[in-house]
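Participant: Return a 3D structure for these sequence lines:
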Amino acid sequence: MRIQILGTAAAEAWPALFCACDTCVRARAAGGKNFRSRSSIQIDDIYKIDLPPDTYHHVVTHGLDLSALAYLFFTHSHGDHFDIAEMEYFRPPFAHNLKNTPVRIYGNSKVIGAIETRHMPSNPPFELTTLEPFIPIKAGNLTFTPIIAQHEPREQCLNYVVESDSASFLYASDSGEYKSDTLDYLYNRKLDLLIIECTQGTMPVPSTYHMSFDAVLRLRDKLIKSGTVKSDVRTVITHFSHNIGLMHDEFEAIANPEGVEVAYDGIVLEV
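Facilitator: From the prediction side, this is the model:
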């Protein structure tokens, strides 16, 4: 699988949209890997997880062809992951010659209900499926299994285990530390790659709904102990808030000695 992390920021992006804090000022001056857009990943050209408001930026910056999109999975309904207005542009006269219609779209009941209310009466070129946690979905050559994230208490937010015939990875976006049901599921899997949110970075105040760097290390240690991953499993962190106050190279200086990679917009991972 070829996985491209298209955006690596939390909801406010980085530098944050309306912010003049020292971190955002430094990011604007430094540029490069310190420019972070809202989170999404693409797999093998035809699979995508989340549709953020920066999707057009991702298309033109990374040379994507979303007319080839066949499967779109959502983690939850927050606007930085689910820009429902953009879904209007799947259909003519805004889009022509889509290669894989109907595009198959998957999400929790809140996401699917919102799409049905807004778009389905007009017969759009996609099909909707409401996901159930821990029930795998066969999507072309890959299998996506939704797992329960700890994020928004008013809806059942999802992360994903994605598997091919030869490899598998965890995409953990927008979640605090997992509870026992999700951990028990993961303990019975074999994973080759971990992509884990790290919204809180090294900030001293923990969050129930996002992970810190210490929480990432705890999760990796649990998965190593259970045999889910090898001790040297590739671990990549993403989904950063500007409030962590660290430029890309500053976070690398903390993470790399622990065997953790700090993602940047556009990074490509092969598994």
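
Participant: these two touch, right, residue 128 and residue 119?
Facilitator: No: between residue 128 and residue 119 there is no contact under Cβ atoms under 8 Å: 9.1 Å. Quick note: C-beta positions are derived from backbone N, CA and C, even for glycine.

Participant: Would you mark the buried spots in the helix or strand of the chain with the lowest mean pLDDT?
Facilitator: Ranking every helix and strand in the chain by mean pLDDT, DSSP states H and E puts helix 109-119 at the bottom, with a mean of 94. Residues of helix 109-119 classed as buried: 110, 111, 112, 114, 115, 119 (neighbour count, 16 or more other Cβ atoms under 10 Å).

Participant: Put together TSV for the residues you listed, with distance to residue 182 on each row.
Facilitator: Putting the buried residues of helix 109-119 into TSV (distance: Cβ to Cβ, whole Å) gives the following:
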residue	distance to residue 182
110	19
111	19
112	21
114	24
115	25
119	30
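
Participant: Okay, strands next: where are they in the stretch 51-200 of the chain?
Facilitator: All strands of the stretch 51-200 of the chain, identified by DSSP state E, counting those that start in this stretch, fall at 71-73, 103-107, 126-130, 137-139, 142-148, 158-163, 168-172, 193-197.

Participant: What mean pLDDT does stretch 242-258 get?
Facilitator: Average pLDDT, stretch 242-258: 98.

Participant: For that stretch, list the C-alpha coordinates in PDB.
Facilitator: Provided in PDB are the C-alpha atoms of stretch 242-258 (Å, rounded to 0.1, in the frame of the first residue of the first chain):
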ATOM      1  CA  HIS A 242      -0.100  24.700  16.900                       C
ATOM      2  CA  ASN A 243      -0.500  25.000  20.700                       C
ATOM      3  CA  ILE A 244       2.300  22.400  21.100                       C
ATOM      4  CA  GLY A 245       4.700  25.200  20.300                       C
ATOM      5  CA  LEU A 246       7.300  23.100  18.400                       C
ATOM      6  CA  MET A 247       8.500  23.600  14.900                       C
ATOM      7  CA  HIS A 248       8.900  20.400  12.800                       C
ATOM      8  CA  ASP A 249      12.600  20.000  13.500                       C
ATOM      9  CA  GLU A 250      12.200  20.700  17.200                       C
ATOM     10  CA  PHE A 251       9.600  17.900  17.500                       C
ATOM     11  CA  GLU A 252      11.800  15.600  15.500                       C
ATOM     12  CA  ALA A 253      14.600  16.200  18.100                       C
ATOM     13  CA  ILE A 254      12.200  14.800  20.800                       C
ATOM     14  CA  ALA A 255      10.500  12.100  18.800                       C
ATOM     15  CA  ASN A 256      13.200  10.600  16.700                       C
ATOM     16  CA  PRO A 257      15.300   9.300  19.600                       C
ATOM     17  CA  GLU A 258      12.200   7.400  20.700                       C
END
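
Participant: How far away from the center of its chain is that stretch?
Facilitator: 19 Å (Cα atoms, centre = their mean, to the nearest Å).

Participant: Equivalent analysis for stretch 130-148, please.
Facilitator: Taking Cα atoms, centre = their mean, the mean C-alpha location of stretch 130-148 is offset from the chain mean by 15 Å.

Participant: what comes into contact with that stretch?
Facilitator: 1, 43-44, 46-47, 70-71, 73, 104, 106-109, 112, 129, 156-165, 178-179, 181-182, 185-186 (Cβ atoms under 8 Å, 6 or more residues apart in numbering).

Participant: re earlier: so which of the buried residues of helix 109-119 comes closest to residue 169?
Facilitator: residue 111 (22.0 Å; Cβ to Cβ).

Participant: Now do the same contact list for the closest one.
Facilitator: Residue 111 touches 74, 76, 77, 82, counting by Cβ under 8 Å, 6+ apart.

Participant: Where neighbours are concerned, which of those has the most?
Facilitator: residue 74 (26 neighbours; other Cβ atoms under 10 Å).

Participant: Check the nearest residue in space to that one that is not next to it in sequence and give its pLDDT.
Facilitator: Excluding the flanking residues, the one nearest residue 74 by Cβ to Cβ, 6 or more residues apart in numbering is residue 107, at 3.6 Å. Listed pLDDT for residue 107 reads 98.
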